[in-house]
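# Build me a model:
(chains A and B)
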Amino acid sequence: MNKPIRTVSIFCMFLFLALMANATYVQFWRAEELNTDPRNARVAAAAFSRERGLILVGEDPIARSEPVDDRYKYLRVYPGKQLYAPVTGYLQLGSQTGIERSQNKVLSGEDPRLFVNRLVDLLKGDTNQGGNVSLTLDPAAQKAAFRALRDTVGPDGEGSVVAIQPKTGRILAMVSFPSYDPNELASHDRETRENAYDELDGNEHQPLLNRAIQTRLFPGSTFKVVTAAAAIEEGLYDVDDQVPSGSTWQAPGTTGEQNLIDNEGRGGCSPAKISFAAAMENSCNTAFAKMAVEVGPEKLRETAEAFGFNSDYLLDLGPQARSVFPEEVVDTIDGVEQDPRELNDAETARSGFGQFSVQSTPLQMAMVVSAIANRGALMRPYLVDEVQTASFDVLETTEPEKLRDAISPQTAAQLAELLVSTVDNGTASPARIDGVSVAGKTGTAQRGVDGKAPYGWFVSFAPAQNAEVAVAVMIQEAPGKEIAGGQLGGPIAKAVMEAVLK
Amino acid sequence: MATNSALMGFVHRRRRGAELFLLILALIVGIGAYAAVGLGIEGEVPTNLIGYGGWLTLLVVAAHVAVRLVAPYADPVLLPIVAALNGLGLAVIHRLDLAKETGLATQQLVWMTLGVILFVGTLVVLPDHRLLARFTYTSGLTAIGLLVLPMIPGLGTEINGAKIWISVAGFSFQPGEIAKVLLVITFAGYLVVHRDALALAGRRVVFIDLPRGRDLGPILMMWVVSLGILVLQRDLGSSLLFFGLFLVMLYVATERPGWLVVGGLLFFSGAAVAFRIFSHVQNRVDIWLDPFADPNGSGYQLVQALYGFAWGGLIGRGLGEGMPERVPYAESDFILAAIGEELGLTAVIAILLLYGLVVERALRAALISRDGFGKLVATGLGAVFALQIFVVIGGVTRLIPLTGLTTPFLSYGGSSLVANWVIIAILLRISDQARRPLPDLKESAEDPDEQATQIVKVVPS
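Numbering: from 1, shown residues only, chains lettered A, B, ... in the order given. I've put the predicted structure just below:
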């Protein structure tokens, strides 16, 4: 039987040789291909174990990698906690949000701009370090905005503040409340991380949402600024003109109580004709409804779009909700969708004071006032100021970019005058700052749901003649407080403007 | 059937000292790996290193002493290889325990203890392997009984689509692993008696001499029944294993290569039929052809294993530095992926060489064995070992379609570990018998005829 046993031995030898050849193929020849496969989560985990770059606000890191004694070697730490969370986002194995996501290539060191740097690291034998990202945020403005908003709306409130430098588009403050502690979500302990996420995800106030760019609501009376801009731009009215008003107005082509536009008790609007300034100061719905119908839906939409409605413009952070001014209306009759049609007068009238289906993010409203403050020029808003190497050498500085001239400088000057007057003599008075001329407008938007408190808005910029800051405040929920007339939003905007101007 | 060495007057040395030396090396591998896991993951030597190392040493020394006492001429390489593999397996399972927060290594150590006890027990109870030939039919029936067990409702447990487990009192057990050993004994016992009839009697059909039905019938029946059970249980790996085992033993017993041709044809037609009628076979083949078609679904395990192997590269990430827990079942069927990731190609080749040496040692024992039964059993065990390695490692490294089998001595799994320790004990017994010097017959044998008949030791009864 020995001959077949020898044959079997040789056969077995070939089996083992085949296994060894195949193992060598997989682990040596094919290793490179498998290791660079983007679906390979091990690669992501390896990146997660590298020292990541800093996210800086001024001199201070608001996200940094701290060496720890576990398998991932570095823990992402967010010293700013709730304050900066909506901007920084958080880092987890294989996923990121916020700036951590949008600037992932720089922070993880994979960006081509860091290539030379990486080469030097390699030659020096250093491990691959990520680059730093320096943000445009002004820590004083950010803190002022966060504290004022938190103290105003209370622990169960919801809201957002955005501040922009009008001349450049630099975002000076971006606050969303309630916020969250990214440290818990970035924890290496799975249970801590998952519990934190489940709790935040299940929270009815949606703390994980960055309301500044992701929440879109009726802008209410703050949108009257856009209506006024359209009217002035069209040459219908001048800042010194009288505009039609009235205590109530039945929009053309409508009947019934629900289509009767009134001024919610603001008496200054009642005369048939009032000054443009008075209309703005008293936030007269009737005046702006009439003005919107006069301008027409198409021009109104074009003006809104010039300010950024119906488009995406923020490149540094996502996802971004697109603010809308309706282009057309699709009626549904007996469940059948009809052909799209232009807005009718009643719809245009309601759009004129930021209702119907006009919706805006806080960032969008900040951009509207920012363009007015910047002589009509709308700048692209941005958050990333500089990209740096790990040793703080600047690789790239973001250049301010003009998106377009939303309105003419003359129109902008007239609007500024109206808004200054609104702060000085009208509803926006809570934003008044001694010795500084402030332009502002309040907004109170009905939700379209009976019995629920409205949304509160406030937009402003200062100093009115040579603005350094434009602010939008949005209050979505403030339990137990009266959301109206700029009483809540005004002081918040004032605190932010003061923080920047100081 | 006297061996050449015996004719030349060559006497094997006992080599127990060499075995002891190799065992020390094996312990260094096992305990060193365990310490390295602690250093790699927790940054410190495990606190129970002394206790763990002591227990491992105790087991190995016990096995060595048993061999020294009851099988002094046994092959000196087998036990150290097996000790090294088992120790390394324990360390890797411990490493995966730390990642997954399970406690399988402790259980595996208990199973290893049981394995070593059975190893010693087998050597003690079985002074001569030919005793096993008496149990030809008993073991065959027991094997079939064991194979049927998982199909009994209430006893069998289905894990991952294969009904090959039984659970009793919280312990799950794979009876197929034991059946494997029993079937080798059955085949060997039957074939050694009927080999002449099988080889010589019968008539020629086309190019092969078909044996008579009454010679081949019983064994063919046994084989078909066991294979049928496995097919019903969807245990592809074991089906393949038993088929190959039967073929190899038939070929060795009859010395007719024609059987390999017939077997090969049967295998391919069987595989083609299985591919057509069983969806799970098609699945396996599809995954094998393109695991990346569904990298997060059906191909997930294999894709993760391949990523792991690649991530390990030539020298590996180091114990505790990789992510072997990403591969589902990394502690059992896919343990080689964990080793490939953390210890690299170097360790994979080393392990393959160790397995190769086990097979080589088994076949060597078969070659020098003085009796046909011993030859067949050793060949059968060696072949079954080689086939199992090929099927599981080939599957894990995507050389062949994946069929579930454990990696001997490395994988977590009690039944497999215990069965493999018994296999090694039987191999050691056969090699001990083969290497043992012939009884000195000079004084008692004046009659040369008597001498010739007395040359083989009598089976004690």
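
# how about the closest residue to residue B:356 other than its chain neighbours, secondary structure?
Of all residues not flanking residue B:356 in the chain, residue A:16 sits nearest, at 4.5 Å (CB to CB, 6 or more residues apart in numbering or on different chains). In short, each C-beta sits where N, CA and C put it, glycine included. Here residue A:16 is recorded as helix under DSSP: H, G, I helix; E, B strand; the rest coil.

# Show the pLDDT at residue A:16.
Note on residue A:16: pLDDT of 96.

# What mean pLDDT does stretch A:274-289 get?
Averaged over stretch A:274-289, pLDDT sits at 90.

# Could you report the distance from residue A:129 to residue A:361?
Here residue A:129 is placed at a distance of 35 Å from residue A:361 (CB to CB, to the nearest Å).

# Give me the more crowded residue out of those two.
Under the criterion of other CB atoms under 10 Å in any protein chain shown, the comparison of residue A:129 against residue A:361 puts residue A:361 first, with 28 against 20.

# The more buried one and residue A:216 touch, don't they?
Yes. Using CB atoms under 8 Å, residue A:361 is in contact with residue A:216, at 5.3 Å.

# check contacts around the closest residue to chain A within the stretch 151-300 of chain B.
As assessed by CB to the nearest CB, chain A sits closest to residue B:252 within the stretch 151-300 of chain B, at 4.3 Å. With contact set as CB atoms under 8 Å, 6 or more residues apart in numbering or on different chains, residue B:252 has these partners: A:1, A:4-5, A:8, B:375-376, B:379.

# tell me the SS of it?
Secondary structure for residue B:252, judged by three-state DSSP, is helix.

# Give me the pLDDT value at it.
We have a pLDDT of 92 for residue B:252.

# What of residue B:208?
Predicted confidence (pLDDT) for residue B:208: 64.

# go on, the one 10 residues further on?
Each residue has a pLDDT score; the one for residue B:218 is 72.

# any idea how far residue B:253 is from it?
Distance from residue B:218 to residue B:253, counting by CB to CB: 14 Å.

# When those two are compared, which one has more neighbours?
Between residue B:218 and residue B:253, counting by other CB under 10 Å, residue B:253 is the more crowded of the two (28 against 16).

# need the contact list for the more buried one.
Applying CB under 8 Å, 6+ apart, we find residue B:253 in contact with A:1, B:191-192, B:195, B:198-199, B:372, B:376.

# Residue A:314 and residue A:321 touch, don't they?
No. Counting by CB under 8 Å, residue A:314 does not reach residue A:321; the two are 10.4 Å apart.

# Could you give the number of residues near residue A:71?
Residue A:71: 17 surrounding residues under other CB under 10 Å.

# whoops, I mixed them up, residue A:255
Neighbour tally, residue A:255, other CB under 10 Å: 9.

# cool, and residue B:340?
Using other CB under 10 Å, residue B:340 has 32 neighbouring residues.

# quick one: it and residue A:22 touch, right?
No. In this structure residue B:340 lies outside contact range of residue A:22 using CB under 8 Å: 11.5 Å.

# Report the contact partners of the single nearest residue of the stretch 401-502 of chain A relative to chain B.
Residue of the stretch 401-502 of chain A nearest chain B, by CB to the nearest CB: residue A:476 (37.9 Å). Shown in contact with residue A:476 (CB under 8 Å, 6+ apart): A:157-160, A:211, A:215, A:217, A:455.
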